[in-house]
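Engineer: after the sequence you'll find the predicted model.
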Amino acid sequence: MAEAQKPAVRPRQVVGKKVAQLRREGVLPGVVFGGRKDSTSVQTDLRSFERSYRRWGNTTLLSLEGLDGDAIPALIHGVARDTMTGRLLHVDFQRVSLTEKTHAEVPLHFVHESPAVKTLGAVLVHARDHVTVEAFPQDIPHAIDVDLSPLIEIDDALYVRDLVYDKTTVLIVDDPDELVVKAVPVRIEVEPTPAVAAPVEGEVAAEGAEVPAEGAAPAVAGAATPGATAAKPGAPAGAKPGAPAKPGAPAGKPGAPAPKGEGQKKG
């Protein structure tokens, strides 16, 4: 039977939006509910409760004194935290009876080393980190140890039915066939290398280069740029493409009048 812890809790008069001032003063607001009684607003020291809660969790039996005269057995039902800073904002205490069984979530504590991990390079897949139990408040364990040493080979696994705990005082209400932890091989995914297909007719073989169509003459080094007009055979060098000189015509000086042709009138 676990000994009840005694946090310093006292009644709280400040309610509503004014509790923000309490938090700035280092006071944690809370409430005590359940046990077929009305809820009671309480408060406790923020820093002291934060340190203790790290050890207690939600499964440690507490004894709340100085509220209704007699000590009140209770469990921590839950806490609220600031989503940005993680600072505690509120705590809920649930009244319990030492003569009635209750449900609680008990964390799993994984101990020892798996031989499958150590010798075979396996990795462990944790399917759950807690189990739900039914027990008297004073018999709820703080945690349940899970021994990993039976995981010897790849694909070895532990289930809820394999957990070791005091079955005379605690009942696990989860499905016994639910997976807790399993040793699996490391899978390395390699991206496939895309195959380079040979260019087909009409496809571009390389960037900016086109595959010649079937029957076309291959390109010749030094050939004219496509689209340019080639000079006609017999045209003098320097003549404009498309305007060759007449065969046999003498080359005149630049700017000189063209020689009179046959049939022209004399001036």
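Structural biologist: That came through, no problem.
Engineer: CA only for contacts and neighbour counts going forward, please
Structural biologist: OK.
Engineer: any idea which helix is longest in the chain?
Structural biologist: Longest helix of the chain, by residue count under DSSP state H: helix 46-56.
Engineer: what sits up against that helix?
Structural biologist: Pro7, Arg23, Gly26, Val27, Leu28, Leu88, His142 (C-alpha atoms under 8 Å, 6 or more residues apart in numbering).
Engineer: could you pull up the residues touching the third one?
Structural biologist: For Gly26, the contacting residues are Asp45, Leu46, Arg47, taking C-alpha under 8 Å, 6+ apart as the criterion.
Engineer: any idea how far it lies from Ala20?
Structural biologist: 10 Å (C-alpha to C-alpha, to the nearest Å).
Engineer: most surrounded residue in the contacts of helix 46-56?
Structural biologist: Greatest neighbour count in the contacts of helix 46-56, by other C-alpha atoms under 10 Å, goes to Leu28: 24 neighbours.
Engineer: looking at it, that residue is touching Gln43, isn't it?
Structural biologist: Yes - Leu28 lies in contact with Gln43 (C-alpha atoms under 8 Å); the separation is 5.5 Å.
Engineer: contacts made by the longest strand along the chain with the rest, please.
Structural biologist: Identified as the longest strand of the chain according to DSSP state E is strand 70-81. If you take C-alpha under 8 Å, 6+ apart as the criterion, strand 70-81 is touched by 4, 57-65, 87-98, 137.
Engineer: run the angle between whatever helix or strand comes next after it and strand 70-81 for me.
Structural biologist: Using DSSP states H and E, the helix or strand that follows strand 70-81 in sequence is strand 88-95. Comparing the axes of strand 88-95 and strand 70-81 via axes from the mean of the first three to the mean of the last three C-alpha atoms, to 10 degrees yields an angle of 140 degrees.
Engineer: tell me the average confidence for strand 88-95?
Structural biologist: The average pLDDT within strand 88-95 is 95.
Engineer: pull out the buried positions in it.
Structural biologist: Leu88, Leu89, His90, Val91, Asp92, Phe93, Gln94, Arg95 (16 or more other C-alpha atoms under 10 Å).
Engineer: list the residues that contact the first one.
Structural biologist: With contact set as C-alpha under 8 Å, 6+ apart, Leu88 has these partners: Leu28, Leu46, Glu50, Val79, Ala80, Arg81, Asp82.
Engineer: roughly how far apart are it and Leu22?
Structural biologist: With distances taken as C-alpha to C-alpha, Leu88 is found 12 Å from Leu22.
Engineer: which residues do the two both contact?
Structural biologist: Leu28.
Engineer: helices of this structure, start to end?
Structural biologist: Using DSSP H, helices in the chain cover 19-24, 46-56, 115-120.
Engineer: buried set for the last one?
Structural biologist: Going back to what we said before, that points to helix 115-120. Pro115, Ala116, Val117, Leu120.
Engineer: re the thing from before, nearest to Thr169, of the helices of the chain?
Structural biologist: Between Thr169 and the helices of the chain, the shortest gap by C-alpha to C-alpha is with helix 46-56, which sits at 19.7 Å.
Engineer: could you give the angle of the closest one to strand 88-95?
Structural biologist: Going by the same axes, to 10 degrees, helix 46-56 makes 60 degrees with strand 88-95.
Engineer: grab the CA positions of helix 46-56 and hand them over as CSV.
Structural biologist: C-alpha atoms of helix 46-56 as CSV (Å, rounded to 0.1, in the frame of the first residue of the first chain):
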residue,chain,number,x,y,z
LEU,A,46,3.1,26.6,-8.0
ARG,A,47,6.8,25.8,-7.7
SER,A,48,6.3,23.3,-4.9
PHE,A,49,3.5,21.4,-6.8
GLU,A,50,5.5,21.4,-10.0
ARG,A,51,8.5,19.6,-8.4
SER,A,52,6.2,17.1,-6.6
TYR,A,53,4.1,16.4,-9.7
ARG,A,54,7.2,15.2,-11.6
ARG,A,55,7.5,12.4,-9.0
TRP,A,56,3.8,11.7,-8.4
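Engineer: model confidence over it, on average?
Structural biologist: Here the average pLDDT along helix 46-56 is 93.
Engineer: in it, which residues are buried?
Structural biologist: Leu46, Phe49, Trp56.
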